[in-house]
Each structure stands twice: as structure tokens, then as C-alpha cells.
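In: Sequence and predicted structure below; questions after.
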Amino acid sequence: MAALLAENFKFLSLFFKSKDVVIFNGLVALGTVCSQEVFSVVAFHCPCSPERNYLYGFAAIGVPALVFFLIGMILNNHTWNLVAECRGRGVKNCTAPATFLLFGSIVGRAVVAPVTWSVISLLRGEAYVCARSEFIKPESLPGFPFEHGPQTMARFPCKDTPVEVLMFKDEVIRRLKYESQLIGWMLLAAVAVAVFLVKCMQRCTSPLGYHQEAYWSQYRSTESELFNRTANVHAKILAASNVKQFFGFVALDKDEKELIQENPSNEVQSSPQWNAITGVYLYREKNNIPLYSRLHKWAKGLMGNGTDLEYKETALLAV
């Protein structure tokens with residue numbers, strides 16, 4: 001049973017890794033939809049008051065979207081690579097198309113959750129109805145009592161709508177939901193067109209063929225996985241060496257002892273080495289030989305960003 005579970009987990013792990021961007025974006029969107037449902041049921045309560053409705057309704061759409069966007073930017077490794085690049089080397093070696101695609105890669109992932117939240121909010125219509133109800137003109141509703149103004153209109157999204165205007169409630173909500181859903185579909189269409197155009201630009205500006213670009217993507221994923229795994233082991237070995245030097249012994253379990261015996265090296269990398277492999281990397285070649293990453297470039301003994309490496313340049317768009 002344990003072996004079967006291990007095999008199934010391994011299969012799912014490989015499946016997720018093979019389509020990491022699509023799966024990741026799909027899970028983010030699904031999580032955002034679930035969050036939207038919970039928020040609508042538990043936390044959304046229209047104040048039913050002029051001026052407050054407008055602020056509360058659009059805040060319910062915009063503020064969570066902004067928070068999701070900032071979280072997406074923070075959790076994206078490309079963001080911090082770009083920060084490290086600007087702090088250490090600047091981005092003067094990046095061409096305009098490559099820089100544009102680099103920002104597209106960062107922003108593309110960060111906007112998945114905000115766009116999903118905004119679109120779902122608009123398609124549901126509750127927040128928009130709350131925000132816009134007070135702005136419905138009474139004269140646009142035939143037979144509406146003239147003595148009722150914004151104070152009454154603001155109460156249409158709520159259960160305590162005055163009885164004398166209750167017959168107009170369905171019409172008001174229907175109008176506002178129509179507007180809300182129309183905006184939602186237009187936003188979704190605009191985002192889809194923008195992604196399509198950016199992907200087209202990426203393909204047009206990339207000097208790589210389809211198979212080589214797929215290989216580059218696979219290489220970067222594998223290098224990152226191996227680097228992180230090895231860094232974890234190296235940190236454990238170095239820590240064990242320092243702890244043993246301090247106490248005279250180190251408490252290790254069986255697996256950790258075997259790990260240290262198999263990897264006896266505890267060499268410490270210098271800061272210039274770390275700086276050389278940190279930062280933004282756009283695909284480059286030297287004498288038609290691909291250099292797939294900063295680590296690959298460092299391993300070949302090619303330091304810096306000299307112009308002789310900039311025969312070809314591109315960035316991988318990950319949206």
C-alpha cells in the first residue's frame with residue numbers, strides 16, 4: 001500500500017512539474033474562486049447607505065485584488081532576481097523586448113489571482129450592485145415614487161427595502177447585474193487578448209526554435225530543483241560540521257550520517273560566487289554554444305555581462 005501511494009505521489013509530482021505554469025495558474029485561480037465564494041457568504045455585508053455603498057462595494061472588488069497582486073509579486077522568484085540585478089548590475093544589458101518580456105513574466109503570474117477575483121466579483125454582481133445602487137436615477141424607473149431619493153436607492157441591495165418601492169427591486173438589481181457582468185466579460189476578454197499578444201511578441205522576438213526553448217525551460221526547472229536539493233544537503237553538512245566543532249559531537253540520525261559520509265565536502269562558497277549566479281538571466285550564446293543560466297555561465301568560467309555574449313537574447317514568459 002505504501003509503495004502504491006509512493007508511486008502515485010511520484011506520478012502526480014512529475015505531472016505537476018511537466019506543466020508547472022499551467023497547473024500553478026489553475027490552482028491559483030481555483031483557490032481565488034473558493035476565496036471569493038467564502039467572502040461573499042461570510043464577510044460581504046453591504047452597508048445600505050449612500051456614499052458608504054460606493055466605497056464598500058468597489059473596495060470589496062479592488063482591495064483583495066491588490067492584495068493578491070502584491071502577494072503574487074512577493075512570491076515570484078523573478079521579482080527578487082530583478083531586484084538583485086538592478087541593485088548589483090543594473091539592467092543596461094537587457095534589450096527593450098527582453099525587458100518587456102521579463103516584466104511580462106513577473107506580472108503575468110502576479111495578475112492571475114487579482115484578475116480571477118475581479119472577474120468573479122463582477123460576474124456575481126453583488127459588490128457592483130451594492131456600489132452602484134445609489135446612482136440609479138429614479139426617473140429611469142416608470143412609476144417610481146418621486147419622494148424617494150439616493151437614501152432609498154442605496155437600500156435596494158438589502159433585505160430592508162421599503163415596501164412602497166419593493167416592486168422596483170428586481171428591475172434595479174437586474175440592470176446593475178447586467179452592467180457588472182458586461183464589465184466582467186470585457187475584462188476577461190481584454191486579459192485574454194493581452195496574453196495572446198504578449199505570447200505572440202515573445203515568439204516573434206525569441207531567436208530560439210520551439211524545441212530548444214522547451215529544452216531551455218526543462219533545463220531551468222531541473223537546475224533549480226537540483227540546486228535547491230543540493231543546497232539543502234550542503235547547508236545540513238556545513239551546519240553539522242560547525243556543530244561538531246563546537247560540541248565535539250553532533251546528533252545525527254541514520255539517514256543524516258549516511259548523507260554526510262556520501263558527501264564529505266563542506267566547502268563554503270564565496271560571496272562573488274553567489275553574486276555571479278544571482279539575478280536576472282536572459283538566454284545568451286557564446287560562439288553558438290548556448291548558456292542556459294547564470295550557473296551554466298559561471299561553470300563555463302564566463303563572468304560578467306560582456307557584449308560578446310549578447311549575440312542572442314530572450315526571456316521566457318511564464319503566464
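Out: Perfect, thanks for sending it.

In: Skipping its backbone neighbours, what lies nearest H296 in space?
Out: In space, H296 comes closest to E223 once its chain neighbours are excluded; the distance is 7.7 Å by CB to CB, 6 or more residues apart in numbering. C-beta: built from backbone N, CA, C; applies to glycine.

In: Would you agree the one you found falls within a strand?
Out: No: assigned with DSSP: H, G, I helix; E, B strand; the rest coil, E223 falls outside any strand and is helix.

In: In contact with it, which residues?
Out: Y292, S293, L295, H296 (CB atoms under 8 Å, 6 or more residues apart in numbering).

In: repeat that with 10 Å
Out: Y292, S293, R294, L295, H296 (CB atoms under 10 Å, 6 or more residues apart in numbering).

In: Can you add secondary structure and give these back as a markdown table?
Out: Below are those laid out as a markdown table (three-state DSSP):
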| residue | secondary structure |
| --- | --- |
| Y292 | coil |
| S293 | coil |
| R294 | helix |
| L295 | helix |
| H296 | helix |
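
In: Kindly confirm my reading that G184 is in a helix.
Out: Yes: with three-state DSSP as the criterion, G184 is assigned to a helix.

In: Show the pLDDT at it.
Out: As predicted, G184 sits at a pLDDT of 93.

In: just to revisit the earlier point, ok, so of the contacts of E223, who is nearest E126?
Out: S293 (46.9 Å; CB to CB).

In: That closest one contacts W216, correct?
Out: Yes: S293 is in contact with W216 according to CB atoms under 10 Å; the separation is 8.9 Å.

In: Show me where the stretch 201-319 of the chain dips below the pLDDT cut-off.
Out: Within the stretch 201-319 of the chain, the segments meeting pLDDT under 70 span 303-319.

In: Against K137, how distant is the residue nearest to H296?
Out: 61 Å (CB to CB, to the nearest Å).

In: and the closest residue in space to L141 that isn't next to it in sequence, what does it touch?
Out: The shortest distance from L141 to any non-neighbouring residue, by CB to CB, 6+ apart, is to F168 (5.2 Å). Contacts here follow CB under 10 Å, 6+ apart; on that basis F168 touches I136, P138, L141, P142, G143, F144, P145, H148, T152, M153, F156, T161.

In: Neighbours of the third one, how many?
Out: Using other CB atoms under 10 Å, L141 is surrounded by 17 other residues.

In: Can you show me the helices along this structure?
Out: For the chain, the helices defined by DSSP state H occupy 2-18, 20-38, 52-75, 77-88, 96-110, 112-124, 126-132, 150-153, 169-205, 210-247, 254-262, 271-276, 294-299.

In: what about these, which gets the closest to N288?
Out: helix 210-247 (12.0 Å).

In: for stretch 234-254, which positions count as buried?
Out: Neighbour-count burial for stretch 234-254 flags H234, I237, A240, V250 (criterion: 16 or more other CB atoms under 10 Å).

In: which residues are in contact with that stretch?
Out: Outside stretch 234-254, the residues that touch it by CB under 10 Å, 6+ apart are 256-260, 262-269.

In: Please tell me which one of these counts the most neighbours.
Out: I260 (18 neighbours).

In: Give me the nearest residue to that one, chain neighbours excluded.
Out: Per CB to CB, 6+ apart, closest to I260 is I237, 5.6 Å.

In: State the distance from that neighbour to V243.
Out: Taking CB to CB, one finds I237 at 11 Å from V243.

In: same deal with H78?
Out: 35 Å.

In: Please look at K286 and L302 and confirm they touch.
Out: Yes: K286 is within contact range of L302, at 6.5 Å (criterion: CB under 10 Å).

In: Tell me the one of the buried residues of stretch 234-254 nearest G209?
Out: Using CB to CB, those come closest to G209 at H234, 35.7 Å.
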